[in-house]
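Participant: turn this into a model:
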Amino acid sequence: MPLEVVASMPSVTAQDLGFETLVFKSIDSVCAMAQPYLFQKCDVNSMTPESSFEHGKTVGVNQPYYFPYAGFFGLIENCQVFVVYDDAKYTKRGWINRNRIMAHGSVQTISLPLKRSSDFATISEKVIAESYDPDHHFRILRGAYSHCAHWPTLKEALPDWLDTSTDNLFEYLLATLRKVSDLLEINTDFVRSSAIDPAKSASGVSRLRNILRATSATNYLNLPGGRALYSSENFADIGVRLGFVDTADEPYEQSAAGKPSTRAGFEPRLSILDLLANLGPEGTKQYLRNNTKLWWAS
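Facilitator: Reported below is the predicted structural model:
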């Protein structure tokens, strides 16, 4: 894919932020807090554009999300191994079990209902509520996207994606990440964090370093919000390069919005479902190839 260094980064959304933000009550509040500091730890002028696969093994580490935005799949696509935190603390009011779609000309939120549990529950300890109705979610998405050019393809995939053969939140999210990745022909290996470090022998950056060592990583790739959290010095002594990936908010025709694909009428960073309905699998793959950029810290 064509890669380039840019002088500035787009504003960060909740889904851009990495695992370290889980220590806060609200991921959204971290976005606002992190924005002024995005350039302090990793200066874009000291970063170089390269393919993620040119030098060794590239690993990404993050929590799962419910049909996340395109940039999340841009991250997955540029990793050979993607470690998904199953034993991280579940964050309330974040994006783990909800996302945004375009419906009837306005942005709406769709959510997976969850059973009540301890405030300290991990993602793998969260359970999908019995009130969850896959058919209801399908009807919501049909109402939002049935007039889009590629709805027939999405319509065929959705029953399998929305069906829950398990009520475990993590297992469901991991399954949907894999299924969407399969549709987009992303061949990244997914690994549970607990399978690598079941004892959680460390936390924060120390645990991340342990995971990177255990996966024999030579490159660690993160979303742009991680630039406020990490520097190359965090990983240099274990022989791991630090990089960041972002997918630009290039407008595309959002038929569900009833608006032309101009910057003024375009709603960026909606769920990947919005891209698939409007561009289809092939168009979405092309969108990721054309708009995903990498930066490697020197």
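
Participant: how distant is stretch 150-158 from the center of its chain?
Facilitator: Stretch 150-158 sits 21 Å away from the centroid of its parent chain (C-alpha atoms, centre = their mean, to the nearest Å).

Participant: buried stuff in that stretch?
Facilitator: The neighbour-count check on stretch 150-158 (16 or more other C-beta atoms under 10 Å) flags 150-151, 153-154, 157-158 as buried. No exception for glycine: its C-beta is placed from N, CA and C like everyone else's.

Participant: would you list the residues you listed in CSV and tack on distance to residue 113 and pLDDT?
Facilitator: Below are the buried residues of stretch 150-158 laid out as CSV (distance: C-beta to C-beta, whole Å; pLDDT from 0 to 100):
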residue, distance to residue 113, pLDDT
150, 28, 97
151, 25, 97
153, 27, 98
154, 22, 98
157, 22, 98
158, 18, 98
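
Participant: narrow these to those in helices?
Facilitator: 151, 153-154, 157-158 (DSSP state H).

Participant: the strands in the stretch 1-150 of the chain, which residues?
Facilitator: 47-48, 58-62, 81-84, 98-103, 106-111 (DSSP state E, counting those that start in this stretch).

Participant: with the stretch 151-298 of the chain instead?
Facilitator: 189-192, 219-222, 241-247, 292-297.

Participant: wait, which of these is closest to residue 143?
Facilitator: Closest approach to residue 143 among the strands of the stretch 151-298 of the chain is made by strand 241-247 (26.9 Å; C-beta to C-beta).

Participant: what's in contact with that closest one?
Facilitator: Strand 241-247 is contacted by residues 9-10, 16, 42, 47, 52, 55, 58, 69-71, 74-75, 78, 218-224, 226-227, 230-232, 234-235, 287-288, 291-297 when judged by C-beta atoms under 8 Å, 6 or more residues apart in numbering.

Participant: let me know the angle separating that strand from strand 292-297.
Facilitator: Following axes from the mean of the first three to the mean of the last three C-alpha atoms, to 10 degrees, one obtains 160 degrees for the angle between strand 241-247 and strand 292-297.

Participant: starting from strand 241-247, tell me which strands it pairs with and how they run.
Facilitator: Sheet pairing of strand 241-247 (DSSP bridges) gives strand 219-222 (parallel), strand 292-297 (antiparallel).

Participant: comparing those strands, which gets the lowest mean pLDDT score?
Facilitator: The weakest mean pLDDT among the strands paired with strand 241-247 belongs to strand 292-297, with a mean of 92.

Participant: in terms of contact, does residue 125 touch residue 90 like I think?
Facilitator: Yes: applying C-beta atoms under 8 Å, one finds residue 125 in contact with residue 90, separated by 7.4 Å.

Participant: more neighbours: which of those two?
Facilitator: Each of residue 125 and residue 90 has its neighbours counted (other C-beta atoms under 10 Å); residue 90 has more, 22 against 16.

Participant: from residue 137, how far out is that one?
Facilitator: 20 Å (C-beta to C-beta, to the nearest Å).

Participant: please apply the same query to residue 167.
Facilitator: Taken as C-beta to C-beta, the span from residue 167 to residue 137 is 15 Å.

Participant: for residue 95, give me the pLDDT.
Facilitator: Reported pLDDT for residue 95: 94.

Participant: again, but for the one 4 residues further on
Facilitator: Among the per-residue scores, residue 99 shows a pLDDT of 97.

Participant: out of the strands of the stretch 1-150 of the chain, indicate the one that is most buried.
Facilitator: strand 58-62 (a mean of 25; mean count of other C-beta atoms under 10 Å).

Participant: which neighbours in the sheet does it have, and how are they oriented?
Facilitator: When DSSP bridges is applied, strand 58-62 pairs with strand 81-84 (parallel), strand 219-222 (parallel).

Participant: and the contacts of the first one?
Facilitator: The one in question is strand 81-84. 57-64, 75-76, 170, 174, 177, 188-193, 196, 211, 215, 217.

Participant: can you select the buried ones from the residues you listed in ChimeraX?
Facilitator: This is the ChimeraX syntax for the buried subset of those, where burial follows 16+ other C-beta under 10 Å:
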select :57,58,59,60,61,62,63,64,75,76,170,174,177,188,190,191,192,193,196,211,215,217
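
Participant: mind picking the two most distant members of the ones in helices among the buried residues of stretch 150-158?
Facilitator: 151 and 157 (10.7 Å).
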